[in-house]
Every structure is written in C-alpha cells, then in structure tokens.
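Student: Next comes the sequence, and after it the predicted model I'd like to discuss.
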Amino acid sequence: MTILSLVVPIYNVESYIVDCAESIFSQLSEEIEVIFINDGSQDKSIEYLMNYLSNITPKLKKNVILIHQENQGLSAARNLGIESSNGEYIAFLDSDDILLEGYFFKILNIIHNNYSIDMIKYNFDVLVDGKLLPVKKHLKHSGLIEIDNFFLIELVNDSSWYAWAHVYKRDIINKNKFPVGLNFEDAATIPYIYLELHQMYIIDESLYGYRQRENSITTSLDPYVIDKNINSLKKILLGYIDNFEKNDIFYIVYIYFIRVYFSFLIGHKSITYCKKEWDFLSSKSGNMKGIDRMIFQSRKHNLYFNLYLLFGFYSNFFMNLIMIVYRKLNKKIKI
C-alpha cells in the first residue's frame, strides 16, 4: 500500500537534480512512491536523472514514476503529479531543493500514528552555497493541533505558505489544485487549503532544504516574467478580497501580498500607473479601519498595516525606506 506520494516537477535543473534525487533515494522506503514530472526541460536534467536512476536498486526503482509533458509550468506539473499519484498523502519537492535526513521516517511515523490528520507541517532550512542555514521559526506549537480560528491566524502570520513545507491528505489537495498560468501559485492555493483543515501535525524540526537562487522567478528581470508576476499577484489579491468576509486570514495575506505587488509595480511601472492600481484595489477592498490590528501578529505586517491606514499608497515608500535604513544599520531586529 502506498502511504505517501512525493511529486517532483522538473524544469531545467541540471545543476541540482542529482542532489535532489540523492536526498530522496538515500532514505526511500517501500510505502512511498516518487513521481517525477518532466515539464519540458530543455537542458540535461532528465539525462542526469536517468543516469542516477540506472544505478539504484530494482526494489527502489519500482516505486518511481517518470512522466513527460510539454512545458506548462509548475502548477500544471504538480497537478499532473497529484492526478497520477496513489498515496493516501501527497507531498511536493522542488527539483532544485533537497529533503533532509529523516524526512520519510518522521512523516510516515506521524501518519501511522495519526491517520486522521489533514496536514503535516515542518520547518525548513535555507540552502546557500551548499550550506544549510536555519530559518527563524515563528510557530509556537508542535505535535497534534485541533484547528480553530485563533490557530489559523497564527498559522497564516507564519508566512511560510510554501507548497513543499506541508504534507497533504489526498482529498484536501484534490479539492484545491494549483492555478495553471499563475506565478506565486502557493499564495493562490495554501490559504484556501488551510480553511479545509480539522487537524494538523507540526514537526518542530527542519526536514527540507530550500535552495535560494539568484535566477528565480521572483528576481527575474525578464520583462515577460515581470509582467506575469504583476498580473498573477493582482489576480491573487482580488481573490483574497472576494474572501474577506469568509475569514480574517484573507486580510493577513492581502496585506502581505499587496506590499509584494507594489514592490514589483514601483520597480517597473510609472508612478501614475501604480497610483491607478492602488485606487482600483482600494475601491475593491473597502475601508479597513475597522479591522482588528491584533490579527497582524508579525511586527512587519503590523507596521505595514498601520502605514497602510495612515498614508495609503505612499505607505509603500515609507515601508521601503524603513527597511533600507534597518539593513544599512545592520540591525538584527526582525520587524
């Protein structure tokens, strides 16, 4: 019986795919299947992966599925992986990242002992120049959690809404597929998944290594990618606005991502265009002065929300200035 399906989308990661595969197969067990989705890679990623797979044991190889598709993006690759999976639970691994030692053992142990849980969440380290650096942990809980609204607010304030930072019960992820054609697909998916949860298990350990890369989508200077980022964020923000009345978590993610959105806009569009976009989103989101500021538990989110209320569009410039000053002073304060 397949307990866990690990979905690994692949696109032009020839420099990292062997490290990724090694982190999987060095700890793989029979209860786990690994689904590689080749999303139309144009480099030697698949060649290197096939060379690696040719050297693993037949016992491990029978748990591997490799699917090829034309390039359709990360969301489409993940969705195909979900549709092709057999596991009771589903997890994701980006093919430039790695699983840390003990990942499968700890995940399977929790599933076997808590079979009704909807999601498992774990910490992660950042992989920079081959070294793992710990990330500040925000969640105050560990173990089995019964989900209520207070916990949801804390969970969303944690800001680690990465698809790969969770393991999902099959029916939960089946109802919340990733949006094809959008960047920031995790932001468009994870907050909605959180609302489906009844129980979560939190592992207070790092089980995943997230690789920071200079040529990522969010840092790209390609005009096409920049415009796609802007259009994706706008669509995501409008989705949050539509759900304001459903739960306070959508105010939290809205405040987080409206700042991200205007960081992109101010860097690449005219001030006139930026101000027009602010006025449009403000007309859609309505007056936020009645929102309980205590829902913004992160000091950075809380600060920006207060600036947002005081200065409107110009809050973005004040916030950027504050962040620049802190960085230049090399302060260790996290705001």
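Tutor: Great, that's in hand.
Student: Which positions within the longest strand seen in the chain qualify as buried?
Tutor: Across the chain, the longest stretch assigned as strand under DSSP state E is strand 199-211. For strand 199-211, a neighbour-count test (16 or more other Cβ atoms under 10 Å) marks M200, Y201, I202, I203, S206, L207, Y208, G209, Y210, R211 as buried. All C-beta atoms are positioned from the backbone trio N, CA, C, and that covers glycine.
Student: next one: stretch 253-271
Tutor: Buried positions in stretch 253-271, judged by neighbour count with 16+ other Cβ under 10 Å: 253-262, 264-266, 269.
Student: hmm, who's touching it?
Tutor: Stretch 253-271 is contacted by residues 156, 159, 161, 184, 187, 191, 226, 229-230, 233-234, 236-237, 240-241, 244, 273-274, 277-278, 281, 285, 296, 301, 304-305, 308, 313, 316-317, 319-320 when judged by Cβ atoms under 8 Å, 6 or more residues apart in numbering.
Student: which of those residues count as buried?
Tutor: Listed as buried from these are 156, 161, 184, 187, 191, 226, 229-230, 233-234, 236-237, 240-241, 244, 274, 277-278, 281, 285, 296, 301, 304-305, 308, 313, 316, 319; burial here means 16+ other Cβ under 10 Å.
Student: Which ones among the buried residues of stretch 253-271 map onto helices?
Tutor: Of those, the ones assigned to helices by DSSP state H are 253-262, 264-266.
Student: nearest to V180, of these?
Tutor: F257 (19.4 Å; Cβ to Cβ).
Student: All the helices of the stretch 151-300 of the chain, in order from the start?
Tutor: With helices called from DSSP state H, counting those that start in this stretch, the stretch 151-300 of the chain shows them at 170-174, 190-194, 223-242, 249-268, 271-285, 299-311.
Student: And the ones you listed, which one averages the lowest pLDDT?
Tutor: Among these, helix 299-311 has the lowest mean pLDDT, at a mean of 86.
Student: What are the buried residues along stretch 214-229?
Tutor: Using 16+ other Cβ under 10 Å as the test for burial, stretch 214-229 gives I226, K228, N229.
Student: Is it possible to get a markdown table of those residues that adds distance to H112?
Tutor: Converted to a markdown table, those look like this (distance: Cβ to Cβ, whole Å):
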| residue | distance to H112 |
| --- | --- |
| I226 | 46 |
| K228 | 42 |
| N229 | 41 |
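Student: Just name the closest of those to L152, please.
Tutor: For the buried residues of stretch 214-229, the minimum distance to L152 (Cβ to Cβ) is 27.1 Å, reached by N229.
Student: Skipping adjacent residues, who's closest to the closest one in space?
Tutor: Nearest non-adjacent residue to N229, counting by Cβ to Cβ, 6 or more residues apart in numbering: N183, 5.2 Å away.
Student: Could you give the number of residues near the one you found?
Tutor: N183 has 22 neighbours, counted by other Cβ atoms under 10 Å.
Student: I figured it was touching K228, is that so?
Tutor: Yes. With contact defined as Cβ atoms under 8 Å, N183 reaches K228; the gap is 5.5 Å.
Student: quick one on the thing from earlier: just give me the closest of the ones in helices among the buried residues of stretch 253-271 to G143.
Tutor: Of all these, G143 sits closest to V253, with 25.4 Å by Cβ to Cβ.
Student: Pick the one among the buried residues of stretch 214-229 closest to I120.
Tutor: Once Cβ to Cβ is applied, the member of these that ends up nearest I120 is N229, at 29.8 Å.
Student: for F244, what are its contacts?
Tutor: Residues in contact with F244 (Cβ under 8 Å, 6+ apart) are F250, Y251, Y254, S285, G286.
Student: Revised request: answer the last question for H68.
Tutor: Contacts for H68 (Cβ under 8 Å, 6+ apart) come out as N38, G40, I46.
Student: Is it bridged to anything, and to what?
Tutor: For H68, the beta-bridge partners are N38 (DSSP bridges).
Student: ditto for I90
Tutor: According to DSSP bridges, beta-bridge pairing links I90 with S5, Y168.
Student: what's around I145, how many residues?
Tutor: If you count neighbours by other Cβ under 10 Å, I145 ends up with 20.
Student: Would you mind measuring from the spatially closest residue to it that is not a sequence neighbour to D171?
Tutor: Excluding the flanking residues, the one nearest I145 by Cβ to Cβ, 6+ apart is M200, at 4.8 Å. Going from M200 to D171 by Cβ to Cβ, to the nearest Å gives 15 Å.
Student: I'd like the helices of the stretch 151-300 of the chain laid out as CSV, including distance to Y122.
Tutor: Shown next, in CSV, are these (distance: least, Cβ to Cβ, whole Å):
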stretch, distance to Y122
helix 170-174, 16
helix 190-194, 14
helix 223-242, 25
helix 249-268, 20
helix 271-285, 33
helix 299-311, 23
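Student: So for L53, which of these sits nearest?
Tutor: Evaluated with Cβ to Cβ, the helices of the stretch 151-300 of the chain place helix 170-174 nearest to L53, the distance being 25.5 Å.
Student: Mind listing the residues bridging to Y201?
Tutor: When assigned by DSSP bridges, Y201 has beta-bridge partners I120, L144.
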